[in-house]
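*Asks:* no FASTA, just this:
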């Protein structure tokens, strides 16, 4: 889902892109935190990026960019419907933001105690809220969401079934490459989806209050 306005004044443009870029930055922070406690498990796409990084070199964020751009190219080949400027910005920026937070070396290392679970829960909450924030900006879907929406359209599967199918394949590939798959990997969706939905509703209302006109929901 994305959001748009009938007209985009300078004020609304600034609000939309502020939401979008803040969301991407926080998304990168959340993933960086989760990577620090990767032994507990990661989201399927992050399992894949970590596996590629460990197996072939380059940073995790670089692989996030590569995977995102590959998904955009596939989506463009099938249908351009869900690809726009926000999709490219999402693919190009979240990985470097994550690498930047890891490079700063200010995040606690894994303690292999119960505190790691608290740290990972915080990461999931940040990622969920960040997703709601950048989607509320209405700039466009991310490359992974756009890819799953494209697959849903082409296969006639529901979006939820398409997501399960795609992320299951991604998880298997990541696991076979030695990625960090553990119990928390299978809990991500149950925690992340509700946080994202609540956050999206909150940030849409906030954007509505700040904007000169109310945004309308449209499918992208």
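*Replies:* Looks like it came in fine. Values in this document were obtained by computation on a predicted structure and should not be read as measured data. Numbers count the residues shown, from 1 in each chain.
*Asks:* quick one: contacts for residue 62?
*Replies:* Counting by CB atoms under 8 Å, 6 or more residues apart in numbering, residue 62 makes contact with 53, 95, 99. Bear in mind the C-beta positions are built from the backbone N, C-alpha and C, glycine included.
*Asks:* just among the residues you listed, which is most surrounded?
*Replies:* Tallying neighbours with other CB atoms under 10 Å puts residue 95 at the head of those, with 23 neighbours.
*Asks:* residues in contact with it?
*Replies:* Counted by CB under 8 Å, 6+ apart, residue 95 has contacts 28, 49, 59, 60, 61, 62, 63, 64, 65, 68.
*Asks:* over to residue 99?
*Replies:* Residue 99 sits next to 32, 59, 60, 61, 62 when contact means CB under 8 Å, 6+ apart.
*Asks:* could you rerun that using 7 Å?
*Replies:* Neighbouring residues of residue 99 by CB atoms under 7 Å, 6 or more residues apart in numbering: 59, 60, 61.
*Asks:* so how do I select the buried members of these in ChimeraX?
*Replies:* Here is the ChimeraX selection string for the buried members of the contacts of residue 99, based on 16 or more other CB atoms under 10 Å:
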select :59,60,61
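*Asks:* I'd like to know which of the contacts of residue 99 is nearest to residue 185.
*Replies:* Using CB to CB, the shortest approach to residue 185 within the contacts of residue 99 belongs to residue 60, at 15.8 Å.
*Asks:* from residue 172, how far off is that closest one?
*Replies:* According to CB to CB, to the nearest Å, residue 60 stands 19 Å off from residue 172.
*Asks:* now do the strands in the protein.
*Replies:* For the chain, the strands defined by DSSP state E occupy 2-4, 216-218.
*Asks:* follow-up on the earlier one: any chance of the contacts of residue 99 in TSV with pLDDT and distance to residue 45 as columns?
*Replies:* Shown next, in TSV, are these (pLDDT from 0 to 100; distance: CB to CB, whole Å):
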residue	pLDDT	distance to residue 45
59	96	15
60	96	11
61	96	13
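*Asks:* closest to residue 9 among the contacts of residue 99?
*Replies:* residue 61 (34.2 Å).
*Asks:* in contact with the closest one, which residues?
*Replies:* 95, 96, 98, 99.
*Asks:* cool, residue 45 as well?
*Replies:* 144, 170.
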